[in-house]
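Q: Pasting the sequence and the predicted model now:
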Amino acid sequence: MTDDPLIDIRGVRHTFRTASGPLKVLDGLDLSVPEGGFVAVVGPSGCGKSTLTRLVAGLMIPDEGAVRVHGAPVTGPRSNVGMAFQNPVLLEWRSILDNVLLPLEIVPTKLSKPEREARARRLLALVGLEGFENKRPSELSGGMKQRASLCRALIHQPEVLILDEPFGALDAFTREDLWQTMHRVKEEEPFTGVLITHDLRESIFLADRVVVLSGRPARTQFTLEVPDTGRRTLDHLYTPEAAEMLNTLRHQIEIAQGRAPAAQAAE
Amino acid sequence: MSARKILVPLAAMVVFLALWELLVWVMGWPNYKMASPSDLIPAFQRYWGLFLEMGWQTLWRTVVGLLLAVVFGVALGMIMGFSRTMRDALYPLLVGFNAVPKATVVPIVALMFVGWHDFNTVLIAFMISFFPIAVSVSIGLSTLEPEYRDILRSLGASQATIFWKIALPKTLPEFFGALKVSVTLAFIGTNLMEIVSPHGRGLGALFDSGKTNSDYPLMFAVLIALAFLGIVLYYIVVALERIFAGWADRTV
């Protein structure tokens, strides 16, 4: 990890004005992601994790603090971001191929039409969707839709990939399949990623740094570096090292939820 | 497959007409109580020129009223779909307007625009049919999941691009659902005005002249002609729906 982060979030505070009064969601959020890094963000439900993704994507400007990408403050949406959500939000009136191509209709690109198509087909093949290019989204299973959504997020070669619980609604086996797909994708199509998740195993399997947010209002409570063990396989999740990391994270989540005294955090 | 699609509804119609004929015959009803389908044939034969002329007048005024309803309804639906404030402001007004029976508005409009027969007929057809369109478009737009917007907004897309690429196509199935309701409503509007307003144009006027001349088979023949026009317009809408929103049909 270098000292020159691609994404740098410092002292971010934000309060939503809701119908039932102000709601403080972020209170001292620090997060940095080096170029090519993959950071997972975990925390209790409703702690402001999705707000974080909207900050990085430039969909929102915080009340206080700075969000920088490549050293430049984020002042609005930029085209160098790819997003995927728990809801794959594919457009039902388009084929899978045309869904993947959607960002290139908005982001300026030097690629010709056949080149774009070739790239989309290559990405689809990479995630295992070869032969499904002309299908409609409704003809695909949940896991396959999520794979297509991932391709759409990557088609314009974004600098930053934002994943907001993309595998949250999938069954356990499909999820593990997709974890492995993610590693394959990252090797072929390097990106800098932020992954929001509820799944601690997912966080240590995919990310090289896990950040635990406190309960609302969220601040950065704990950071875990996941050691680089080369190419990860699912077997890595069943090693004593993995068990220890999971234990540490679980304990931190309990603190964040207010179920364990913070004093224990220091031990 | 396609032969079946035509034959089944056709057979249903024949059965319906046969039952109608049978009912009138069994009950021994005279013409002035209820005409039977076999009485209608002479009525059509005698007045076919009038049917063509009046039917055309009814048809074009209905279609113009419906087109106005589409333009106005979509615009209103967009305003209410995108702005919460406008939705809160306009909904009660719109519901109140829709709740007023149009039969009571007809004489008012007829007096207001006396002599403007085409205009006041189109106006009633429009007034009666824009409500479902406005409501469906506004609901379609306001229930668009925020993730759809975010996917494009995060790429720097403008509001107009988001509307054309996502909001509009996603609302089309609801729009066509409403249009199917509106197309029959527009017919009702046109005929209300044609029957009430004494200008002697349209199938409504033909119905009225049947009434004044005690020509009961003619009145029933007008009803059948109206039903026929209604079916034709409805299936034109269905065809458009299949072209523009066929993707929403999961049964094929």
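A: That came through, no problem. Residues are numbered from 1 along each chain as shown, chains lettered A, B, ... in the order given.

Q: quick one: buried residues of stretch A:149-159?
A: A:S149, A:L150, A:C151, A:R152, A:A153, A:L154, A:I155, A:H156, A:P158, A:E159 (16 or more other Cβ atoms under 10 Å in any protein chain shown). Every C-beta, even on glycine, is put in place using the N, C-alpha and C of the backbone.

Q: out of these, which one sits closest to A:T239?
A: Closest approach between the buried residues of stretch A:149-159 and A:T239, by Cβ to Cβ: A:L150, at 27.2 Å.

Q: what's the farthest-apart pair in the buried residues of stretch A:149-159?
A: Maximum pairwise distance among these (Cβ to Cβ): 18.7 Å, between A:S149 and A:E159.

Q: Does B:L206 touch B:F220 like I think?
A: No: counting by Cβ atoms under 8 Å, B:L206 does not reach B:F220; the two are 11.7 Å apart.

Q: Comparing these two, which residue is more hemmed in?
A: Between B:L206 and B:F220, counting by other Cβ atoms under 10 Å in any protein chain shown, B:L206 is the more crowded of the two (28 against 21).

Q: host element of the more buried one?
A: helix B:202-212 (DSSP states H and E).

Q: And the helix or strand that that helix is followed by, how far out from the chain middle?
A: For helix B:202-212, the following helix or strand on the C-terminal side (DSSP H and E) is helix B:216-245. Centre-to-centre, helix B:216-245 and its host chain are 9 Å apart (Cα atoms, centre = their mean, to the nearest Å).

Q: now stretch A:108-124
A: With Cα atoms, centre = their mean, you get 24 Å for stretch A:108-124.

Q: which residues in the chain form helices?
A: Reading this off chain A. Along chain A, counting by DSSP state H, helices occupy A:49-56, A:96-101, A:113-126, A:142-154, A:172-188, A:200-206, A:240-256.

Q: switch to chain B, that's the one I care about
A: Under DSSP H, chain B gives helices at B:2-27, B:37-82, B:84-99, B:102-112, B:117-142, B:146-153, B:159-162, B:168-196, B:202-212, B:216-245.

Q: picking that back up, turn the helices of chain A into JSON lines, columns for mean pLDDT and distance to chain B.
A: What follows is the helices of chain A, written out as JSON lines (pLDDT from 0 to 100; distance: least, Cβ to the nearest Cβ, whole Å):
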{"stretch": "helix A:49-56", "mean pLDDT": "85", "distance to chain B": "8"}
{"stretch": "helix A:96-101", "mean pLDDT": "94", "distance to chain B": "10"}
{"stretch": "helix A:113-126", "mean pLDDT": "91", "distance to chain B": "15"}
{"stretch": "helix A:142-154", "mean pLDDT": "92", "distance to chain B": "8"}
{"stretch": "helix A:172-188", "mean pLDDT": "88", "distance to chain B": "18"}
{"stretch": "helix A:200-206", "mean pLDDT": "89", "distance to chain B": "20"}
{"stretch": "helix A:240-256", "mean pLDDT": "85", "distance to chain B": "26"}
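
Q: just so I know, which of those helices lies nearest B:A43?
A: Closest approach to B:A43 among the helices of chain A is made by helix A:96-101 (54.3 Å; Cβ to Cβ).

Q: Name the residues that touch the closest one?
A: With Cβ atoms under 8 Å, 6 or more residues apart in numbering or on different chains as the test, helix A:96-101 has contacts from A:90-91, A:116-117, A:120-121, A:123-124, A:129, A:132-137, A:140, A:148, A:151-152, A:155.

Q: 7 Å instead, please
A: A:90-91, A:116, A:120, A:123-124, A:129, A:132-135, A:137, A:148, A:151-152, A:155 (Cβ atoms under 7 Å, 6 or more residues apart in numbering or on different chains).

Q: cool, stretch B:214-222 as well?
A: Residues from elsewhere that reach stretch B:214-222, judged by Cβ under 7 Å, 6+ apart: B:31-32, B:35, B:39-40, B:42-44, B:47, B:203, B:206-207, B:210-211.

Q: Which of those residues sits closest to A:T239?
A: Nearest to A:T239 among these, with distances taken as Cβ to Cβ, is B:L203, at 82.3 Å.

Q: in stretch B:22-29, what counts as buried?
A: Within stretch B:22-29, the residues that count as buried by 16+ other Cβ under 10 Å are B:V24.

Q: Let me know the pLDDT of the residue lying closest to A:L163 once chain neighbours are set aside.
A: Take A:L163 and drop its neighbours on the chain: the residue closest to it by Cβ to Cβ, 6 or more residues apart in numbering or on different chains is A:L195, 4.6 Å away. Here the pLDDT value assigned to A:L195 is 93.

Q: ok, what's across the strand from A:L195?
A: A:A40, A:L163 (DSSP bridges).

Q: Tell me who's in contact with the residue of the stretch 1-150 of chain B found nearest chain A.
A: Residue nearest to chain A within the stretch 1-150 of chain B: B:E147 (4.5 Å; Cβ to the nearest Cβ). By Cβ under 7 Å, 6+ apart, the contact set of B:E147 is A:F85, A:N87, A:V89.

Q: Chain A contacts on the stretch 151-252 of chain B?
A: The stretch 151-252 of chain B comes close to chain A at residues B:151-157, B:161, B:166, B:169, B:247-248, B:250, as judged by Cβ under 7 Å from any Cβ of the partner chain.

Q: Quick one: those residues as CSV, columns for pLDDT and neighbour count too.
A: Formatted as CSV, these follow (pLDDT from 0 to 100; neighbours: other Cβ atoms under 10 Å in any protein chain shown):
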residue, pLDDT, neighbour count
B:I151, 87, 28
B:L152, 88, 22
B:R153, 87, 22
B:S154, 87, 27
B:L155, 87, 24
B:G156, 85, 17
B:A157, 86, 23
B:T161, 88, 15
B:I166, 89, 21
B:P169, 90, 18
B:W247, 83, 17
B:A248, 82, 17
B:R250, 69, 9
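
Q: Looking at those residues, which is nearest B:A18?
A: The nearest member of these to B:A18, counting by Cβ to Cβ, is B:R250 at 35.8 Å.

Q: quick one, domains of the chain?
A: In the absence of a named chain, this looks at chain A. A:1-80+A:161-184+A:191-267, A:85-158 (automatic domain parsing).

Q: try again with chain B
A: Domains of chain B are assigned by automatic domain parsing as B:1-30, B:40-248.

Q: which one of those domains lies closest to A:T223?
A: Checking the domains of chain B against A:T223 by Cβ to Cβ gives domain B:40-248 as the closest, at 25.8 Å.

Q: Off-centre distance for that closest one?
A: Offset of domain B:40-248 from its chain centre (Cα atoms, centre = their mean): 5 Å.

Q: Stretch B:5-16 now?
A: With Cα atoms, centre = their mean, you get 23 Å for stretch B:5-16.

Q: So what touches it?
A: Against stretch B:5-16 from outside (Cβ under 7 Å, 6+ apart): no residues.

Q: quick one on the thing from earlier: any residues in contact with both of B:L206 and B:F220?
A: Common neighbours of B:L206 and B:F220, counting by Cβ under 7 Å, 6+ apart, are absent.

Q: Quick check: B:L233 vs chain A, distance?
A: B:L233 sits 25 Å away from chain A, going by Cβ to the nearest Cβ, to the nearest Å.

Q: hmm, back to that, for ChimeraX, write the select line for the buried members of the contacts of helix A:96-101.
A: To isolate the buried members of the contacts of helix A:96-101 in ChimeraX, using 16+ other Cβ under 10 Å:
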select /A:90,91,116,120,123,124,129,132,133,137,148,151,152,155
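
Q: Output the domains of chain A in a markdown table, with distance to B:M127 appended to each entry.
A: Shown next, in a markdown table, are the domains of chain A (distance: least, Cβ to Cβ, whole Å):
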| stretch | distance to B:M127 |
| --- | --- |
| domain A:1-80+A:161-184+A:191-267 | 36 |
| domain A:85-158 | 32 |
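
Q: quick one: buried residues of the helix holding B:L206?
A: B:G202, B:L203, B:G204, B:A205, B:L206, B:F207, B:D208, B:S209, B:G210.
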